[in-house]
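> Next input, structure requested:
(2 chains)
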Amino acid sequence: MILLAANWSHIWMVTLLGFSLVFLLLVVLIYILKLFGIIMRPRVKVEKPTEVPEAVGAPRRENSEKITLTGNATAAIAMALHLYYNGVHDEEPTKITIKKIERRYSPWNSKLYGMNNLHR
Amino acid sequence: MNYLKSIILSLVLLLSATTFAQETATAAVEQEDVAVAQAETMAVQEELQTLSDLVATEEEAGEESVWQEVKDFFMTMGIVRVFDKQEATGDWRQLVMLLISFFLLYLAIKKQYEPLLLLPIAFGMLLTNLPGSGMFHSELWSAFLDPNSPAYHSYGAILKEGGLLDVLYIGVKAGVYPCLIFIGVGAMTDFGPLIANPKSLMLGAAAQIGIFLTFLCANAMGFTEAQAGSIGIIGGADGPTSIFLTSRLAPELLGPIAIAAYSYMALVPVIQPPIMRALTTKKERAIKMKQLRAVGKTEKIVFPIMVTTVVALILPDAAPLIGCLMLGNLMKECGVVDRLSKTAQNELMNIVVIFLGLSVGATATGASFLNVKTLMILAMGIVAFGCGTAGGVLLVKFMNLFTKEKMNPLIGSAGVSAVPMAARVSQQVGQEENPSNFLLMHAMGPNVAGVIGSAVAAGLLLSFLG
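Predicted coordinates:
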């Protein structure tokens, strides 16, 4: 009875159309993202070595000298930097070396020179 | 002399007569006085009697009023109301709900199942089910939804007669809290992996199949279409989205649906791995994926603006959720409003989570929660999660048939939002097969795509069924 009472044509329409539209909308986003990726992909400019006429008999330089940073290399460099900077960091002596100034008044805390004393 | 004697005698006689008369008169007066005194005494005695009667009556009445007050006070006690059959709110189910709230508090505190939301939800449930606390009035909200009631759609009536939790619930009813939470979620989310690998969006879409299959199941089980849509959205594994849609389509089911959504999100590490293992081979689970490309700042800034514009132009009903999500993300990525970004991530998010949790928990009253429908909702919630997980995994396997660079199917399961829990599950299951395999960043793409996908699905259901 429950199954008969439901408006199944509408239910199927919502299910199929709904799921298709979710897919369609996200596929549209994929193409837009790819387009943006092509336009905005960060490029590392590698200066080409100035072409110097090679001496006769000198070993030929390979083109494979281009700077290429793989993800693993980047991660290794980042880790090395992290270890280096953390390793050399001084340990704080945990002693407060700033002496308390007994004199309470100072031009630095004077109300006369404070925010409320607006210049007109 | 005789004359003198006669005068004296007459005087004596006169005196004696006068004395006699006086005595007689005095006696008469005395008699009258006695009579009067007796009458007065009688009257006084009667008055005294009356007074004493009155005092006695008043004393009795006083004793009765004290007893009445004690009795009235006794009757106001919550524990009595639970068992009072004449009390409209009194119900044994409240005691059961109190026990359930204690159990949820235990899960939140001891087991740490989504404690940030489960704890306020459980405490809201506790407060609303304390008899006589008057913090939440479900009857006011029934009148709010009844077109024949004078309080129909009247927030004034709620403010006038409602309790604390009624006032807080206005934010849920108006769909404010989920959107504010999405600002915070956006401010905490890095869409970099998604931008680097746009194909992830497909996985985010595939995992939404759980929503629509559960929608079908719920219709078959006798729920209305609006209720079925709200139940289906549990498969999106996105708490704020579930609350947003349910408060619009089927507010009467808000309590069970919110609790199911957050409970299952917490149970993602339990629900997903068996499905992932069942649908993949060892070889597939060990697939290593290529490093993602670096994503520039400009791309990250343009992404939220572009997504909001495209989605809102195609599907305006999804604009509140997607717009707020992307606003938060833009604040994070643009780098010029750090204060706003930090506020959205911390203070705003935390405050709204408290309000949302308390008010959603408050809707879980005994009468609305302890019924067969709740059990059915809980059962269908698992179906929704399972179907979503399977949908993502199967789509990756399908895509691998046509692509050169194979993807690990385990990242497909992260398409059911539940950020970042689902991505962590992908990483964990992947490392079981190959400890040197790091899938986390690859899984974060489908994971955040799932947030967008579930918000889009919610917008679609709202436009079809709202």
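> use CA for all of it now, contacts and neighbours both
Fine.
> show me where the stretch 51-200 of chain B has helices.
Assigned by DSSP state H, counting those that start in this stretch, the stretch 51-200 of chain B shows helices spanning B:78-83, B:92-109, B:115-128, B:138-145, B:155-161, B:164-173, B:176-188, B:192-196, B:200-206.
> The ones you listed: lowest mean pLDDT?
Between these, the lowest average pLDDT goes to helix B:78-83, which shows a mean of 70.
> longest helix of chain A?
helix A:8-40 (DSSP state H).
> ok, so what distance separates the spatially most central residue of chain B from chain A?
Residue closest to the average C-alpha location in chain B (Cα atoms, centre = their mean): B:Val360, at 2.3 Å. Per Cα to the nearest Cα, to the nearest Å, B:Val360 is found 27 Å from chain A.
> Return the residues of chain A in contact with chain B.
Within chain A, the positions near chain B by Cα under 8 Å from any Cα of the partner chain are A:2-3, A:6, A:11-12, A:14-15, A:18-19, A:22-23, A:25-27, A:29-31, A:33-34, A:36-37, A:40-42, A:71.
> among the residues you listed, which ones are buried?
With neighbours counted using 16 or more other Cα atoms under 10 Å in any protein chain shown, those contain these buried positions: A:6, A:11, A:14-15, A:18-19, A:22-23, A:25-27, A:29-30, A:33-34, A:36-37, A:41.
> re earlier: relative to chain A, which of the helices of the stretch 51-200 of chain B is closest?
helix B:200-206 (5.3 Å; Cα to the nearest Cα).
> so what secondary structure elements neighbour the closest one?
Helix B:200-206 makes packing contacts with helix A:8-40, helix B:372-400, helix B:440-465 when contacts are defined by 3 or more Cα pairs under 8 Å, 6 or more residues apart in numbering or on different chains; DSSP states H and E.
> In CSV, list the C-alpha atoms belonging to that helix.
These are the backbone C-alpha positions of helix B:200-206, laid out as CSV (Å, rounded to 0.1, in the frame of the first residue of the first chain):
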residue,chain,number,x,y,z
SER,B,200,38.8,14.3,-7.8
LEU,B,201,35.5,16.1,-8.3
MET,B,202,34.2,13.0,-10.1
LEU,B,203,34.8,10.9,-7.0
GLY,B,204,33.1,13.6,-4.9
ALA,B,205,30.1,13.3,-7.2
ALA,B,206,30.1,9.5,-7.3
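> Could you point out the helix or strand that follows that helix?
The first helix or strand that comes after helix B:200-206 along the chain, using DSSP states H and E, is helix B:209-220.
> and that following helix, is it in reach of chain A?
Yes: judged by Cα under 8 Å from any Cα, helix B:209-220 comes into contact with chain A at B:209, B:212-213, B:215-216, B:219-220.
> helix/strand/coil for the nearest residue to B:Thr246 once chain neighbours are set aside?
Once flanking residues are discounted, B:Thr246 sits nearest to B:Ser230: 5.0 Å by Cα to Cα, 6 or more residues apart in numbering or on different chains. With DSSP: H, G, I helix; E, B strand; the rest coil as the basis, the three-state label of B:Ser230 is helix.
> close enough to count as contact, B:Ser230 and B:Leu245?
Yes: between B:Ser230 and B:Leu245 a contact is recorded at 6.2 Å, counting by Cα atoms under 8 Å.
> the more surrounded of the two?
B:Ser230 (35 against 27; other Cα atoms under 10 Å in any protein chain shown).
> Chain A versus that one, what's the distance?
In this view, B:Ser230 and chain A are 13 Å apart by Cα to the nearest Cα.
> what residues are up against that residue?
Neighbouring residues of B:Ser230 by Cα atoms under 8 Å, 6 or more residues apart in numbering or on different chains: B:242, B:245-246, B:249-250, B:257.
> can you rerun that using 7 Å?
B:242, B:245-246, B:249-250 (Cα atoms under 7 Å, 6 or more residues apart in numbering or on different chains).
> Narrow these to those in helices?
Using DSSP H, the contacts of B:Ser230 in helices are B:242, B:245-246, B:249.
> Count the neighbours of A:Ile38 for me.
10.
> Against chain B, how distant is it?
Distance, A:Ile38 to chain B, by Cα to the nearest Cα: 10 Å.
> what's the burial count for B:Ala278?
9.
> Write out the residues of the stretch 51-200 of chain B neighbouring chain A.
B:195, B:198-199 (Cα under 7 Å from any Cα of the partner chain).
> Please repeat the previous calculation with a cut-off of 8 Å.
B:195-196, B:198-199.
> Can you pull out the low-pLDDT segments for chain A?
Filtered on pLDDT under 70, chain A yields the residue ranges A:1-5, A:41-68, A:87-94, A:96, A:99-105, A:111-120.
> re earlier: so after the longest helix of chain A, what's the next helix or strand?
In N-to-C order, the element after helix A:8-40 by DSSP H and E is helix A:71-87.
> list the buried ones in that following helix?
Applying 16+ other Cα under 10 Å to helix A:71-87 flags no residue as buried.
> Output that helix as CSV, restricted to C-alpha atoms.
What follows is helix A:71-87 as a C-alpha-only set of coordinates in CSV (Å, rounded to 0.1, in the frame of the first residue of the first chain):
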residue,chain,number,x,y,z
GLY,A,71,58.2,16.2,-5.1
ASN,A,72,60.5,13.9,-3.2
ALA,A,73,63.4,16.3,-3.7
THR,A,74,61.3,19.2,-2.5
ALA,A,75,60.3,17.2,0.6
ALA,A,76,63.9,16.2,1.3
ILE,A,77,65.1,19.8,1.0
ALA,A,78,62.2,21.0,3.2
MET,A,79,63.0,18.4,5.9
ALA,A,80,66.7,19.3,5.8
LEU,A,81,65.9,22.9,6.3
HIS,A,82,63.6,22.1,9.1
LEU,A,83,66.1,20.0,10.9
TYR,A,84,68.8,22.6,10.3
TYR,A,85,66.9,25.5,11.7
ASN,A,86,65.5,23.6,14.6
GLY,A,87,68.9,22.0,15.4
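> now stretch B:384-400, how far from the centre of its chain.
Chain-centre distance of stretch B:384-400: 33 Å, with Cα atoms, centre = their mean, to the nearest Å.
> same check, this time on stretch B:300-317
Its chain's average C-alpha position is 31 Å from that of stretch B:300-317, according to Cα atoms, centre = their mean.
> Please point out which parts of it sit buried.
Neighbour-count burial for stretch B:300-317 [16+ other Cα under 10 Å]: B:300-304, B:306-312, B:315-317.
> do stretch B:95-109 as well
Within stretch B:95-109, the residues that count as buried by 16+ other Cα under 10 Å are B:95, B:97-98, B:101-102, B:104-108.
> repeat for stretch B:398-415
Here stretch B:398-415 shows B:399, B:406-415 as buried, counting by 16+ other Cα under 10 Å.
> isn't B:Ala390 right up against B:Pro274?
No: here B:Ala390 lies out of contact with B:Pro274, judged by Cα under 8 Å, at a distance of 10.4 Å.
> What's the PyMOL syntax to select whichever of the ones in helices among the contacts of B:Ser230 are buried?
Listed next is the PyMOL selection for buried residues among these, using 16+ other Cα under 10 Å:
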select buried, chain B and resi 242+245+246+249
